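J.: based on what follows, work out the 3D shape:
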Amino acid sequence: GTSAFAASKSKLTGKVLAVGSTALQPLAEQLGERFSSANSSVQITVQGGGSGAGLTQVQAGSVQIGDSDIFASQEDGIDPSKIVDHKVAVIGIAPVVNKDVGVKSLTKSQLKKIFTGKVTNWDQVGGKDQKIDLINRASGSATHPFFPPALLFNATAASSQEQDSNGTVQK
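T.: Prediction:
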């Protein structure tokens with residue numbers, strides 16, 4: 001049989017604004033471009049701003065889509081009964097090391113020692129004699145609550161340089 005949607009010949013028009021997670025932004029941009037290619041009368045704009053901004057702006061009705069790394073119920077000030085969560089992806093969070101420091105792999109124990117400040121030089125974990133510079137997502141980021149706390153098991157994290165987006169962390 002033919003679905004009602006497929007049988008409809010009406011042309012989609014309008015504008016969609018998606019705001020939120022910088023981690024989800026590349027996926028949202030690709031999906032927006034694909035949808036606009038198939039529906040040329042629909043303008044889709046994708047912006048970052050963070051998960052909190054996406055959830056807040058959807059709740060306020062100022063955007064149609066809020067991209068978020070967390071569920072609405074996990075964000076302070078959001079009434080999850082006023083918006084609908086749709087899981088579209090699972091994001092893996094992983095530590096990365098610059099290849100120039102000479103370390104090919106790290107154990108969980110070594111990572112914990114690095115993120116708690118017990119290991120401060122790459123030569124302590126098989127790399128070059130070079131100071132370790134920790135770079136992490138900003139404490140307000142949706143990814144920040146998951147890493148490094150998932151690794152630290154209630155130990156106190158060493159201070160780190162914080163960045164507002166995954167792209168700047170990667171650079």
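J.: quick one: Ala18 and Gly66 touch, right?
T.: Yes. Between Ala18 and Gly66 there is a contact at 7.5 Å, judged by Cβ atoms under 8 Å. No exception for glycine: its C-beta is placed from N, CA and C like everyone else's.
J.: where along this structure do the strands fall?
T.: 14-20, 42-49, 65-67, 135-137, 161-163 (DSSP state E).
J.: nearest to Gln124, of those?
T.: Across these, Gln124 has its closest neighbour in strand 135-137 (18.4 Å, Cβ to Cβ).
J.: and Leu12, how many neighbours does it have?
T.: Residues lying near Leu12 (other Cβ atoms under 10 Å) number 11.
J.: show the model's pLDDT score for it.
T.: What the model reports as pLDDT for Leu12 is 90.
J.: list the contacts of it.
T.: 39, 41-42 (Cβ atoms under 8 Å, 6 or more residues apart in numbering).
J.: let's see it at 10 Å
T.: 35, 38-42 (Cβ atoms under 10 Å, 6 or more residues apart in numbering).
J.: so what touches the longest helix along the chain?
T.: Assignment by DSSP state H gives helix 25-38 as the longest helix of the chain. Helix 25-38 is contacted from outside by 12, 16, 18-21, 24, 42-49, 54, 65, 67, 88-89, 91, 165-167, using Cβ under 10 Å, 6+ apart.
J.: whichever of those residues end up buried, select them in PyMOL.
T.: To isolate the buried ones among these in PyMOL, judged by 16 or more other Cβ atoms under 10 Å, type:
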select buried, resi 18+19+20+21+24+44+46+47+48+49+54+65+67+165+166
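J.: just put the strands of the chain in JSON lines and tack on distance to Ile78.
T.: Converted to JSON lines, the strands of the chain look like this (distance: least, Cβ to Cβ, whole Å):
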{"stretch": "strand 14-20", "distance to Ile78": "12"}
{"stretch": "strand 42-49", "distance to Ile78": "15"}
{"stretch": "strand 65-67", "distance to Ile78": "9"}
{"stretch": "strand 135-137", "distance to Ile78": "20"}
{"stretch": "strand 161-163", "distance to Ile78": "23"}
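J.: among those, which comes closest to Lys82?
T.: Of all these, strand 65-67 comes closest under Cβ to Cβ, at 11.5 Å.
J.: and that closest one, what does it pack against?
T.: strand 14-20, helix 25-38, strand 42-49, helix 51-60 (3 or more Cβ pairs under 10 Å, 6 or more residues apart in numbering; DSSP states H and E).
J.: okay, the angle between the third one and helix 51-60?
T.: Pointing back at strand 42-49 there. 130 degrees (axes from the mean of the first three to the mean of the last three Cα atoms, to 10 degrees).
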